[in-house]
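In: here's my sequence, what's the structure:
(chains A, B, C and D)
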Number of protein chains: 2
Amino acid sequence: MTDQENDNRDEIADAWHTAPEGSSRRHDIRRLSLIQAAGRAFGRKGFHRTTLDEIARELSVTKPMLYRYVRSKQEILYECHRMAVGMAEEALAEAERRGGSALDRIAGFAEGYIDRTTTALGTCVVLTEYYSMTPEDTERIQQRRRAIDTRLRELLAQAMDDGEIAPCDPKLAVFFFMGAINGVNRWFSDDGERDGNEIARVFADHVVASLSPRKSRM
Amino acid sequence: MTDQENDNRDEIADAWHTAPEGSSRRHDIRRLSLIQAAGRAFGRKGFHRTTLDEIARELSVTKPMLYRYVRSKQEILYECHRMAVGMAEEALAEAERRGGSALDRIAGFAEGYIDRTTTALGTCVVLTEYYSMTPEDTERIQQRRRAIDTRLRELLAQAMDDGEIAPCDPKLAVFFFMGAINGVNRWFSDDGERDGNEIARVFADHVVASLSPRKSRM
DNA sequence: GTCTGGTGTTACTGGCGGGTAACTTCACGC
DNA sequence: GCGTGAAGTTACCCGCCAGTAACACCAGAC
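Out: Numbers count the residues shown, from 1 in each chain, chains lettered A, B, ... in the order given. Purely as a prediction, here's the structure:
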């Protein structure tokens, strides 16, 4: 484990232990840092290979403690996904708020989304592993993701109409760049030579490029 | 389950049962169709949520039968990954054999790889779930993947030198389009409106585009 | 000092599922 | 018909880990 990762882990464990005593905020803070610690662990080892005992140890408590903040291991995973999809929604909303052309908004979304997921400690990593959730949880998350997909396809169609980008199948194009973006969490780590912001900028550029006018090579 | 999926499943189960009796090839054929059936199941439900009993039932046999063809569940997963990475190697080798510019080779690789993974029944889906393998297996697979990555980066550098594509960080660029490509197995299904060949062609175009000369938008 | 509620622990249960032992059946050579 | 080995089954074991029960400690209130 690198120093950087150690710092982050300690930061999370710290948040748990420095939560103000007695306040009702304490509960929320602890719950959040539990989710984050778990998200990190899930990212490193996968959901099923991560035991609650490990998560607990990372926070320097014991397993039964965790059950004061969550109802089940499943709920932890669901919360991780909720945070991740929430970041995507936020990024999209912000991009729309800033305005600009359809392509600008797509680029803004991509950058904002990567930025958020790589920067938020602990949550950056869970986006795979849909099938580890209960079907109901999966459905709830998928629904929100589909809404984002739909909006992105609309933006793509708009950008095509405006002549900003080459004609393409919006569905496949969205799959293409969302695949690339979601792939980030599989290799990203805080101690790499590039930080999240840089990656977000580079990837946003690639997203735009992947849509730009071009001659077919086939 | 769709008709098409049913067909494929039946085809695999069929391969198991129609394997020529007594020959030593029989063993190989059965082993292969076992891997494929398992690969399909892993893709649908994830490694840990797929039980050996389910895989066995899909082949109309019982669990202990499977142990005549594989040593453990882990080995099945490893074989799935081996097949997948083998396809990547094949695709790259073929692209190099065909020759052409560095960018042509990258495009050829992308198309060939997607084509193979979407067409080969059952194996298209496993590429995530590294952490479900034993560390040794993971290492073996990663090593081969790294070799491919390295070659792709070289080709990218070459393409930059030749002025075929815009300057970029080869490492991140490869991560970008490999993320998109590997993402395919998360949503692809045989019964979609597009078949594997089409997706391969479209995605190869996007890969090329994502690397093409462009002005920065930031 | 003792009651109360929150914080935390140790020590258990119970089910799931990978893996196996031991048995049966069948095909085939002789 | 009979021995032999492969094909296939039933019925089991056992480890792991999510989840829980029951107890211990320690505030602060009064």
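In: can you list the residues of chain A near DNA strand C?
Out: A:22, A:26-27, A:61-65, A:68 (CB under 7 Å from any atom of the strand). Backbone N, C-alpha and C define where each C-beta goes, glycine included.
In: state the mean pLDDT of stretch A:159-174.
Out: The predicted model assigns stretch A:159-174 a mean pLDDT of 94.
In: quick one: it to chain centroid distance?
Out: 25 Å (CA atoms, centre = their mean, to the nearest Å).
In: contacts for it next, please.
Out: A:101-103, A:106, A:149, A:152-153, A:156-157, A:210-214, B:194, B:199, B:202-203, B:206, B:209 (CB atoms under 8 Å, 6 or more residues apart in numbering or on different chains).
In: distance check, A:Gln143 against DNA strand C.
Out: 26 Å (CB to the nearest atom of the strand, to the nearest Å).
In: remind me which helix or strand that residue belongs to.
Out: Secondary structure from DSSP states H and E places A:Gln143 in helix A:135-161.
In: could you list the domains of chain A?
Out: A:3-72, A:74-211 (automatic domain parsing).
In: quick check: which ranges of chain A have low pLDDT?
Out: A:1-10, A:13, A:22-23, A:121-128, A:213-218 (pLDDT under 70).
In: which stretches of it form helices?
Out: With DSSP state H as the criterion, chain A has helices at A:3-18, A:24-45, A:52-58, A:63-66, A:73-98, A:102-119, A:135-161, A:170-187, A:196-211.
In: among those, which comes closest to B:Gly86?
Out: Taking CB to CB, helix A:170-187 is the member of the helices of chain A nearest to B:Gly86, at 20.5 Å.
In: buried residues in that closest one?
Out: A:170-186 (16 or more other CB atoms under 10 Å in any protein chain shown).
In: and if you look at stretch A:29-45?
Out: A:30-43.
In: chain A against DNA strand D: which residues are in contact?
Out: A:49-53, A:63-64, A:67, A:72-74.
In: ok, so of those, who is nearest A:Ala120?
Out: A:Thr50 (18.5 Å).
In: and the closest residue to A:Arg98 other than its chain neighbours, how many residues sit next to it?
Out: Spatial nearest neighbour of A:Arg98, excluding adjacent residues (CB to CB, 6 or more residues apart in numbering or on different chains): A:Gly108 at 5.9 Å. Around A:Gly108 there are 21 other residues, counting by other CB atoms under 10 Å in any protein chain shown.
In: A:Gly108 contacts A:Gly100, doesn't it?
Out: Yes - between A:Gly108 and A:Gly100 there is a contact under CB atoms under 8 Å: 7.2 Å.
In: so who does A:Asp149 touch?
Out: By CB under 8 Å, 6+ apart, the neighbours of A:Asp149 are A:174, A:178.
In: ok, it to DNA strand C distance?
Out: 31 Å.
In: show me which residues of stretch A:92-110 are buried.
Out: A:92, A:94-95, A:102-110.
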